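1. 3D, please:
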Amino acid sequence: MPREMWTGNAQQRIQEAAATNASALGLDGLGLTQIPEELRDLTTLRELDLSRNNIRELPDWLPDLSGLEKFIISNNELYSLQSLAKMSNLASLSVNSNPIAEFPAWIRTATNLKTLELGGPQFPGLSDWMGELTSLRRLHISEYGLTELPEWIRYLKGLTEIGFTMNRLRDLPQWMVELDNLERVYGGSNEFLQVPKPLLDLVRLRGLYLHKNRIAELPVAPGGLRNLHHLTLFENPLQEIPGWIGELVQLKSLLLDGLNCKLPPELGDLTRLTTLRMENCGLGEVPSWVSRLTGLT
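-> Predicted structure coming up:
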């Protein structure tokens, strides 16, 4: 069921899902305090979103949804994830922003898990054995108060995406260059003073998101950033955007909102751009080079 069809209250949505043998169901943001038992019969579900509710407990029958592959239960009030231990088909699990008492050891053997989203101010400590989760392709640890990345992340060589938004990071360790399969790095809302140097050596990087940091200057040369398709730098105290920005000819989206610096004419060389945002940049008029960006939508 497409997300745009996830309308009505929980009961209505469950009934619609049952009638259509839906593979996906969203019950997010409905103020639920428990998971409706009617879900138990929806054996065709592959994706279930219960985020942004007030759920405190996972029911014992949850493993009956044996085909579930993507489970989003973030922003609730869960203290335990033990009911998920028998759900061996889970490939994507989002449990961030829950007051979980202890990070579950069963995840250590969850060999099908490809996506894991953790974090939140009440989330428990992360164990070093998480470096054994080599099946992971996407890892997000947000709003966790990190001042440095845990070293066990360096052993997750298969990662193609990593996120550490809303932390207190000022730099990234040099060992990040070992994660040479990374395609997307989400580092918004941290305390970076510059683009971390290891990111310049990640030649497969396609998306770099460094908005809302303290970056005052960009590197003197783009390095591996030449292969980027998506770049966000908005709300940084940048003093200048260097001319080499025009060398990022693969860029499709560039977000520069809130930058109080001069925008170089080389931006007009980015002819593959479909999205360019530069609101609140102190522009008196639209720069002439924008006319060369004929693909903007």
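
2. contacting residues around Leu270?
-> Contact analysis of Leu270 by Cβ atoms under 8 Å, 6 or more residues apart in numbering lists 245-246, 248-249, 251, 254, 276, 293. Yep, even glycine has a C-beta here, placed from its N, CA and C like the rest.

3. report the buried members of these.
-> 245-246, 248, 251, 254, 276, 293 (16 or more other Cβ atoms under 10 Å).

4. quick one, strands of the protein?
-> With strands called from DSSP state E, the chain shows them at 24-26, 47-49, 70-72, 92-94, 115-119, 138-142, 161-163, 184-186, 207-209, 230-232, 253-255, 275-277.

5. any idea of the mean pLDDT in the fourth one?
-> The average of the pLDDT scores along strand 92-94 is 97.

6. centre of the chain versus it, how much separation?
-> From the chain centre to the centre of strand 92-94 is a distance of 11 Å (Cα atoms, centre = their mean, to the nearest Å).

7. please shift the residue numbers so they start at 315 in all later answers.
-> From this message on, residue numbering opens at 315, which makes the last subject strand 406-408.

8. ok, now how distant is Asn368 from Met480?
-> Remark: distance between Asn368 and Met480 (Cβ to Cβ, to the nearest Å) = 22 Å.

9. look at those two and report which has more neighbours.
-> Counted by other Cβ atoms under 10 Å, Asn368 and Met480 do not tie: Met480 has more neighbours, with 18 against 12.

10. and the pLDDT at the more buried one?
-> pLDDT for Met480: 97.

11. cool, Pro418 as well?
-> Here, the pLDDT recorded for Pro418 equals 88.

12. that one and Gln396 touch, don't they?
-> Yes - Pro418 lies in contact with Gln396 (Cβ atoms under 8 Å); the separation is 6.4 Å.

13. looking at the two, which is more packed in?
-> When neighbours are counted by other Cβ under 10 Å, Pro418 and Gln396 differ, and Pro418 comes out ahead with 16 against 13.

14. what separation do you get for the closest residue to that one other than its chain neighbours and Leu597?
-> Closest residue to Pro418 apart from its sequence neighbours, by Cβ to Cβ, 6 or more residues apart in numbering: Leu395 at 4.8 Å. From Leu395 across to Leu597, the span is 49 Å (Cβ to Cβ).

15. from the contacts of Leu584, pick the one nearest Leu545.
-> Among those, Leu568 lies closest to Leu545 (Cβ to Cβ), at 5.4 Å.

16. what's the weakest-modelled helix or strand in this structure?
-> Using mean pLDDT, DSSP states H and E, the weakest-scoring helix or strand in the chain turns out to be helix 324-334, at a mean of 93.

17. what helices or strands is it leaning on?
-> strand 338-340 (3 or more Cβ pairs under 8 Å, 6 or more residues apart in numbering; DSSP states H and E).

18. report the buried residues of the strand it packs on.
-> Buried residues in strand 338-340 (16+ other Cβ under 10 Å): 338-340.

19. what is the nearest of these to Pro373?
-> Here the nearest of the buried residues of strand 338-340 to Pro373, counting by Cβ to Cβ, is Leu339; it sits at 15.7 Å.

20. count of neighbours near the closest residue to that closest one other than its chain neighbours?
-> Nearest non-adjacent residue to Leu339, counting by Cβ to Cβ, 6+ apart: Ala331, 4.7 Å away. For Ala331, the tally of surrounding residues (other Cβ under 10 Å) stands at 25.

21. from Pro377, how far off is Ala331?
-> Counting by Cβ to Cβ - Ala331 and Pro377 are separated by 19 Å.

22. swap in Ala333?
-> Taken as Cβ to Cβ, the span from Ala333 to Pro377 is 24 Å.

23. and Glu599, by the same measure?
-> 61 Å.

24. Val499 now?
-> 34 Å.
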